Each structure stands twice: as structure tokens, then as C-alpha cells.
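*Asks:* Turn this into a structure:
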Amino acid sequence: MTDLRARETTRDDWEGVVVELVEENRVVGVAYLDEGAILTEFYPDEDGEPWVFDVADLQRVLDVAAAMLGIEEPVPASPSGEAVDRLATEFDPTADHRGAEDEGFYPVPAALALTMRAEELGLAVVSLEGFTLDAGEPIVLPGYGSTPGDAHRGEAWPVFRSGCNAQARAQLERWAGRNGLVVALEVADQSGETYVL
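*Replies:* Here you go, the predicted structure:
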């Protein structure tokens with residue numbers, strides 16, 4: 001994850017609100033509205049080279065910029081129900097175990113990939129819980145739980161979704177070294193409906 005963030009400002013040479021995209025305390029680009037569309041310009045670095053950003057991190061910052069510019073929700077990639085079905089279909093085979101209610105328990109690498117795919121599909125990972133499998137049965141691991149949905153409650157959907165997914169990715173990266181860990185995840189769509197995967 002990079003240090004990229006959005007900062008709302010006004011500039012003498014710009015009409016209306018502009019959102020500066022800042023990396024390591026340097027303005028690397030701007031986002032602004034032009035006839036109702038959000039446009040983004042990126043500047044080269046001091047050596048004339050292009051900046052390089054993680055796609056998920058860049059999407060998170062662009063969603064924040066859109067919210068700052070008053071765009072509450074960019075056009076979703078697909079309807080929510082279809083997005084959840086696609087996510088489940090793609091990741092069901094990666095689950096190490098299925099619970100009595102068909103909930104999946106995913107190894108950490110699969111949970112990380114699932115979180116990134118949820119972002120692409122316009123979904124938010126709102127809850128994570130870590131388990132070990134003992135004779136095929138999941139056992140809760142104390143201290144291995146996270147509820148990004150609670151931390152970002154009340155935010156505009158693009159900010160909520162990106163914030164939840166960034167927090168979930170960061171948590172999963174911290175858990176990556178724990179042998180035998182499997183993770184149960186819950187996602188939400190823009191309507192607030194939640195789904196256990």
C-alpha cells in the first residue's frame with residue numbers, strides 16, 4: 001500500500017473545488033469535475049518519470065476524491081446481487097472448510113485475493129474472523145477478529161467501501177504469518193445488505 005491520499009482544496013488557477021492527490025507530501029495529480037464527469041490528471045515525478053501506484057490503493061483514493069467532489073456513488077461495476085454471486089462462485093473452491101450454514105473458511109492468501117476482488121465488484125468486506133481447524137471443525141482464535149464496517153459506519157458509500165477493504169487487506173497482511181489460520185468474511189453491498197461468504 002502506498003502513502004497516496006486525497007486532499008480537498010481550492011486554487012487560484014482553478015475554478016471550483018479540486019482534489020489534490022498527494023504521495024509522500026508531494027502533489028502527484030489532481031481530480032476535478034468537468035461537465036459532470038470526474039477527470040484526473042497525474043504529473044510526472046521530479047525526474048520526469050511516471051508515478052506507480054497499487055491499483056486497489058489508487059481506486060480507494062479516487063473514490064475518496066469523488067466523494068469530496070460531491071459524487072456520492074460512481075456507476076457500479078455490476079448489480080449487487082450479481083456481484084456477490086460472482087464473488088462466491090469465484091472463491092468457493094478456495095475455501096479450506098465449509099460450515100453448517102455453508103459459510104467459507106479461507107486461507108489468508110485466498111482471503112486477500114477475495115478482498116481485492118470484492119473491491120473490484122463494488123462490495124465492502126465488513127467483517128473478518130480468524131479460526132484454526134481442529135479435526136475439520138473451526139475454532140475461533142481470540143484476537144483474530146476485525147470489523148471494518150463498524151470503523152467506517154456513516155461514511156459515504158465510496159469512502160466506506162474503500163476504507164473497509166483497505167482495512168481488511170491491512171489486517172489480513174498482518175495475519176499472513178500465522179500458520180493454520182483460516183478466515184471467515186462478511187461483505188456488504190451499497191444497500192447495506194450483508195452476505196457471509
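*Asks:* Tally up the residues packed near residue 188, please.
*Replies:* Residue 188: 23 surrounding residues under other CB atoms under 10 Å. Every C-beta, even on glycine, is put in place using the N, C-alpha and C of the backbone.
*Asks:* That one: what's it in contact with?
*Replies:* By CB atoms under 8 Å, 6 or more residues apart in numbering, the contact set of residue 188 is 123-124, 126, 149, 164, 194-195.
*Asks:* so of those, which ones are in helices?
*Replies:* Counting by DSSP state H, the contacts of residue 188 place 149, 164 in helices.
*Asks:* So which residues of the chain form helices?
*Replies:* Under DSSP H, the chain gives helices at 55-68, 80-91, 108-120, 148-151, 157-175.
*Asks:* Could you say which one of the ones you listed comes nearest to residue 34?
*Replies:* For residue 34, the closest of those is helix 55-68, at 13.3 Å, according to CB to CB.
*Asks:* Tell me where the model's unsure across this structure.
*Replies:* 1-2, 35-36, 72-81 (pLDDT under 70).
*Asks:* can I see the domain layout of it?
*Replies:* Domain ranges of the chain: 5-68, 80-196, per automatic domain parsing.
*Asks:* Looking at those, which one is packed in the most?
*Replies:* When these are scored by mean count of other CB atoms under 10 Å, the highest mean neighbour count falls to domain 80-196 (a mean of 18).
*Asks:* coming back round to it: which two in the contacts of residue 188 are spaced the farthest apart?
*Replies:* Largest pairwise distance in the contacts of residue 188, by CB to CB, is 13.6 Å, between 164 and 195.
*Asks:* Show me how far stretch 163-177 is from its chain's centre.
*Replies:* Mean-position distance between stretch 163-177 and its chain equals 10 Å (CA atoms, centre = their mean, to the nearest Å).
*Asks:* Residues in contact with it: which ones?
*Replies:* For stretch 163-177, using CB under 8 Å, 6+ apart, the contacting residues are 1, 56-57, 60, 108-109, 111-112, 115-116, 118-119, 124-126, 128, 130, 144, 146, 148-149, 151-152, 155, 181, 183, 185, 188.
*Asks:* could you dump the helices of the chain to TSV with distance to residue 134?
*Replies:* Below are those laid out as TSV (distance: least, CB to CB, whole Å):
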stretch	distance to residue 134
helix 55-68	33
helix 80-91	23
helix 108-120	18
helix 148-151	27
helix 157-175	18
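*Asks:* These: which one's closest to residue 10?
*Replies:* helix 55-68 (11.8 Å).
*Asks:* Not counting sequence-adjacent ones, nearest residue to residue 5?
*Replies:* residue 22 (5.4 Å; CB to CB, 6 or more residues apart in numbering).
*Asks:* How much space separates the one you found from residue 161?
*Replies:* Residue 22 is 21 Å from residue 161, where distance means CB to CB, to the nearest Å.
*Asks:* Nearest residue to the middle of this structure?
*Replies:* residue 165 (2.6 Å; CA atoms, centre = their mean).
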